[in-house]
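# with the input below, show me the fold.
(chains A and B)
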There are 2 protein chains.
Amino acid sequence: MMDGDTHERLRCHYELRCRPGESAERKVRGIALEQTVELPDAVLSEDLREAIVGRVERLEQRSQRRWDAVVSYPAGIVAGEWPALLNLLYGNISLKPGIRLTDIHWPASLLERFGGPAFGIAGLRELLGAPERALCATALKPVGASTAALAGLAGDFAAGGIDIIKDDHSLADQQWSRFRDRVDACQHAVAAANARHGGRTLYFPNVTAAPAAFAERLTMAGDAGCRGVLVNPWLIGLDSIARARDAGFVVMAHPSLSGALLGHTRGLSAELLYGDLMRLAGADAVIYTNAGGRFDFPFARCQRINHRLRRPWQSLRPAFAVPAGGIDSARAGHWIRRHGRDTILLIGGSLYLQADRPAAAARLRRAMECTE
Amino acid sequence: MMDGDTHERLRCHYELRCRPGESAERKVRGIALEQTVELPDAVLSEDLREAIVGRVERLEQRSQRRWDAVVSYPAGIVAGEWPALLNLLYGNISLKPGIRLTDIHWPASLLERFGGPAFGIAGLRELLGAPERALCATALKPVGASTAALAGLAGDFAAGGIDIIKDDHSLADQQWSRFRDRVDACQHAVAAANARHGGRTLYFPNVTAAPAAFAERLTMAGDAGCRGVLVNPWLIGLDSIARARDAGFVVMAHPSLSGALLGHTRGLSAELLYGDLMRLAGADAVIYTNAGGRFDFPFARCQRINHRLRRPWQSLRPAFAVPAGGIDSARAGHWIRRHGRDTILLIGGSLYLQADRPAAAARLRRAMECTE
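Below you'll find the predicted structure:
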């Protein structure tokens, strides 16, 4: 089943912008060739043209320069591999202007092959003993702090009952806090606080690294007793999420670098990127930048992402939305009401600004309880 | 030496676009915080502020909305790891508008750590027995063709004396031509043509895949007798180039997906992306989209990339520029004169359009000889 049913097709929806004098028909036909055979039509046999070249299923003019197009591709091109999928979706056409991939109608074989989350919303709720309420998370930072300082923060936040404490995405294996030391110290600090306060806080170290170090850090995380990890998939390949999932971890996906793929007239739609792709890859919780914060996604975009992460989707488990980036902890209730309870609110700076960290963490945790 | 001298710094040059009312000072200070501590300044100790936070070295207004800025970061943040480097260069700021990374002044320790090409221009010339002339390359395609058909093409192109025959970047391990079969059949066809015609053509299979399959394909490529491979680093992590290099292969880097990182007002400059980053990562030959072709980079941009690939740069070997994408083989001489002889001209479709492929290949190869 690696290649799926050969008759199955991916249907890719594009938004095209044509320059003056540019033909939309030629543009969409160019995409269908570029993303498959990468050859002029004239050299193709009838068989290849029929079986392999993307098929233009629809082309509709929306305004003077804007067209909507649908091109379908045989699922066999993906061959069950993430790099081949990403290459098909936005490989060479990333170098051409005015092409934005807005949506995909996925064939069942690919959904089955890539599989989605192992825990999902229900599984993570069970680990945390939180069957219904919204969840809260924070990040250990900054890079440059000592392992002892980071472990102290982890203990403080766990004492206050934060659900998930993750490494900042910039913490790797720097000289100031080696991964090996940090994963033990922070997991120990969290476990000790849990034992003292009866909490169930989870610590997710950042395992993002080249493959050998990634595998080693997963092993260290497992040995330390961690149940989940943070992964930056855009830095190391989308299959990294599945590697962490298949090693038994809850996976939280970070959006570092992914902004390069968002654009008004090019790139991928945010709901496709953070919704479909991250969930399909196996992320149980997907970080994206919240409305009104340092990065300022429109709220409607956040809602579209949330919907994609949570909607019924074949046999794939739903995943938590994790809005983040400059959220004020005093407004936690507001944001949970807006995003709904299947949300993990990720708050960093605003907690750090409060002098009594266990108390600040406890206030945030309480805000997760009373949001109806 | 993993972290380098702790006093060494990366100096990153940014082009900033400020919206009306946006302060350039705040914007650049925001970058310096975002890419390091990701915390408000108020919570930082004096030590962290001094040692870790990016240091704004320069800020100059260029026009009403445009500013040039230089921020330096301690090299220790990179910790000798590609994912951490990419995260520092364009991680979270990829999600903010109006920030373009145009250049980097690299600390010596990072250049030494990442190391650059193992073969470089001189090494690849030696393998090919071509000490001075320009080189030519083509791609085996399309996806969907059988292994026998692809091997037949490889034999034809090798008979004509093409220097490097690479897999199309869309060839992975699809049902129509399995990697294992293809690498043997194509390498065999090329070796047979070399023996028959006294040529030294090299075949580079595309090994781009998730880590386990990547390692397996490198092994198969080596077992088959291949001396080089094609890698799509933006799909699987920039360290993939070093993994192929360290396994003893010549590495040709493909730009699939990299267009997402190019923009007028955001992303990375093309010379930084295809020049510095690919060479530093260890690519011996770097494919980018030529002027005047299907993708249409301005020629001045090509020249800047070429310069970065070839210039003296500490102890790093220079790398071949590989302009590609819709080059007409009849204009090969023209393009070699423009790009210079340390160029591999990569021509696909135009060769395929000619009925007698060995003859077309031989004409292209001859054009590499007489270009002064």
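
# give me the element residue A:181 is part of.
Residue A:181 is located in helix A:179-197, with elements delineated by DSSP states H and E.

# next, the buried residues of that helix.
A:179, A:181-191, A:193-194 (16 or more other C-beta atoms under 10 Å in any protein chain shown). C-beta coordinates here come from the backbone N, C-alpha and C atoms, glycine included.

# end-to-end on stretch A:34-52?
Counting by C-alpha to C-alpha, to the nearest Å, you get 11 Å between the two ends of stretch A:34-52.

# check contacts around the residue in the stretch 151-300 of chain A positioned nearest to chain B.
Chain B sits closest to residue A:259 of the stretch 151-300 of chain A, with a gap of 3.2 Å, by C-beta to the nearest C-beta. Residues near residue A:259 by C-beta atoms under 8 Å, 6 or more residues apart in numbering or on different chains: B:92-96, B:266.

# quick one, helices of the stretch 101-250 of chain A?
A:108-114, A:120-128, A:147-159, A:179-197, A:211-224, A:233-236, A:239-246 (DSSP state H, counting those that start in this stretch).

# point out the most buried one among those helices.
Of all these, helix A:233-236 has the most neighbours on average by mean count of other C-beta atoms under 10 Å in any protein chain shown, namely a mean of 28.

# what comes up buried for the host helix or strand of residue A:29?
Assigned by DSSP H and E, residue A:29 falls within helix A:24-34. Using 16+ other C-beta under 10 Å as the test for burial, helix A:24-34 gives A:24, A:27-34.

# same deal with stretch A:97-110?
Quick answer for stretch A:97-110 (16+ other C-beta under 10 Å): A:98-101, A:103-104, A:106-107, A:109-110.

# same list (those) but as JSON lines, adding pLDDT and distance to residue A:336.
As requested, the buried residues of stretch A:97-110 are exported to JSON lines (pLDDT from 0 to 100; distance: C-beta to C-beta, whole Å):
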{"residue": "A:98", "pLDDT": "96", "distance to residue A:336": "39"}
{"residue": "A:99", "pLDDT": "98", "distance to residue A:336": "37"}
{"residue": "A:100", "pLDDT": "98", "distance to residue A:336": "31"}
{"residue": "A:101", "pLDDT": "98", "distance to residue A:336": "31"}
{"residue": "A:103", "pLDDT": "98", "distance to residue A:336": "28"}
{"residue": "A:104", "pLDDT": "98", "distance to residue A:336": "30"}
{"residue": "A:106", "pLDDT": "97", "distance to residue A:336": "30"}
{"residue": "A:107", "pLDDT": "97", "distance to residue A:336": "36"}
{"residue": "A:109", "pLDDT": "95", "distance to residue A:336": "37"}
{"residue": "A:110", "pLDDT": "97", "distance to residue A:336": "33"}
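
# tell me which of those is nearest to residue B:285?
residue A:99 (27.0 Å; C-beta to C-beta).

# so who does the closest one touch?
Per C-beta under 8 Å, 6+ apart, neighbours of residue A:99: A:14-16, A:27, A:31, A:93, A:266.

# mind running it again at 10 Å?
Taking C-beta atoms under 10 Å, 6 or more residues apart in numbering or on different chains as the criterion, residue A:99 is in contact with A:14-17, A:27-28, A:30-31, A:34, A:69, A:90, A:93, A:265-267, B:259.

# just residue A:225 next, same as before
A:183-184, A:187-188, A:190-191, A:203.

# with respect to residue A:161, which of those residues is nearest?
Using C-beta to C-beta, the contacts of residue A:225 come closest to residue A:161 at residue A:190, 11.3 Å.

# one step back: most neighbours of all the contacts of residue A:259, which one?
The most neighbours of any of the contacts of residue A:259, using other C-beta atoms under 10 Å in any protein chain shown, belong to residue B:94, which has 26 neighbours.

# distance of it from chain A?
3 Å (C-beta to the nearest C-beta, to the nearest Å).

# once you drop chain neighbours, what's closest to that residue?
Distance criterion C-beta to C-beta, 6 or more residues apart in numbering or on different chains; nearest residue to residue B:94, sequence neighbours excluded, is residue A:259 at 3.2 Å.

# one more: residue A:320?
Residue A:320's closest residue in space is residue A:285 (C-beta to C-beta, 6+ apart), at 4.1 Å.

# who's in contact with that neighbour?
By C-beta under 10 Å, 6+ apart, the contact set of residue A:285 is A:117, A:119-121, A:124, A:135, A:137, A:164, A:166, A:204, A:228, A:230, A:250-253, A:278, A:309, A:319-322, A:343-344, A:346.

# 7 Å instead, please
By C-beta atoms under 7 Å, 6 or more residues apart in numbering or on different chains, the residues touching residue A:285 are A:124, A:252, A:319-320, A:322, A:344.

# sorry, back to before: among the contacts of residue A:259, which are in helices?
Residues of those located in helices (DSSP state H): none.

# before we move on, the earlier item: now the two most distant members of the contacts of residue A:285.
Between any two of these (C-beta to C-beta), the greatest distance is 11.0 Å, for A:124 and A:322.

# can you list the buried residues in stretch A:262-275?
In stretch A:262-275, counting by 16+ other C-beta under 10 Å, buried: A:262, A:266-275.

# and that stretch, how far apart are its ends?
Terminal residues of stretch A:262-275 lie 13 Å apart, using C-alpha to C-alpha.

# ditto for stretch A:37-49
From its first residue to its last, stretch A:37-49 covers 9 Å (C-alpha to C-alpha).

# ok, now stretch A:342-356?
So stretch A:342-356: terminal residues 28 Å apart, C-alpha to C-alpha.

# so it, near chain B or not?
Yes - Stretch A:342-356 is in contact with chain B by C-beta under 7 Å from any C-beta of the partner chain, via A:348-349, A:352-353.

# please apply the same query to stretch A:132-141.
Yes - counting by C-beta under 7 Å from any C-beta, chain B has neighbours in stretch A:132-141: residue A:141.

# could you give the average pLDDT over that stretch?
The average pLDDT within stretch A:132-141 is 98.

# what residues does the stretch 101-250 of chain A have near chain B?
Counting by C-beta under 7 Å from any C-beta, the stretch 101-250 of chain A sits next to chain B at A:141-145, A:168-170, A:172-175, A:208-211, A:232, A:235-237, A:239.

# which parts of chain A are strands?
Secondary structure of chain A (DSSP state E): strands located at A:9-17, A:55-61, A:66-74, A:99-105, A:135-140, A:164-167, A:202-204, A:228-231, A:250-253, A:267-268, A:285-289, A:320-324, A:344-346.

# ok, the nearest residue to residue A:40 once chain neighbours are set aside - contacts?
The spatially closest residue to residue A:40, leaving aside those adjacent along the chain, is residue B:349, at 4.9 Å (C-beta to C-beta, 6+ apart). Shown in contact with residue B:349 (C-beta under 7 Å, 6+ apart): A:39-40, B:326.

# try it again with 10 Å
Residue B:349 makes contact with A:33, A:37-40, A:42-43, B:138-139, B:141, B:293-294, B:325-329, according to C-beta under 10 Å, 6+ apart.

# now, of these, which are buried?
With burial judged by 16+ other C-beta under 10 Å, the buried subset of the contacts of residue B:349 is A:33, A:37-39, A:43, B:138-139, B:141, B:293-294, B:325-327, B:329.

# and the residues you listed, which of them are in helices?
Per DSSP H, the buried ones among the contacts of residue B:349 map to helices at residue A:33.

# need the buried ones among the contacts of residue B:349 in CSV (columns: distance to residue A:366).
Listed next are these as CSV, based on distance: C-beta to C-beta, whole Å:
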residue, distance to residue A:366
A:33, 58
A:37, 59
A:38, 57
A:39, 62
A:43, 67
B:138, 65
B:139, 60
B:141, 60
B:293, 60
B:294, 58
B:325, 58
B:326, 61
B:327, 64
B:329, 70
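
# what is the nearest of the buried ones among the contacts of residue B:349 to residue A:51?
residue A:37 (10.3 Å).

# burial check on residue A:248, number of neighbours?
Here the number of neighbours of residue A:248 (other C-beta under 10 Å) works out to 12.
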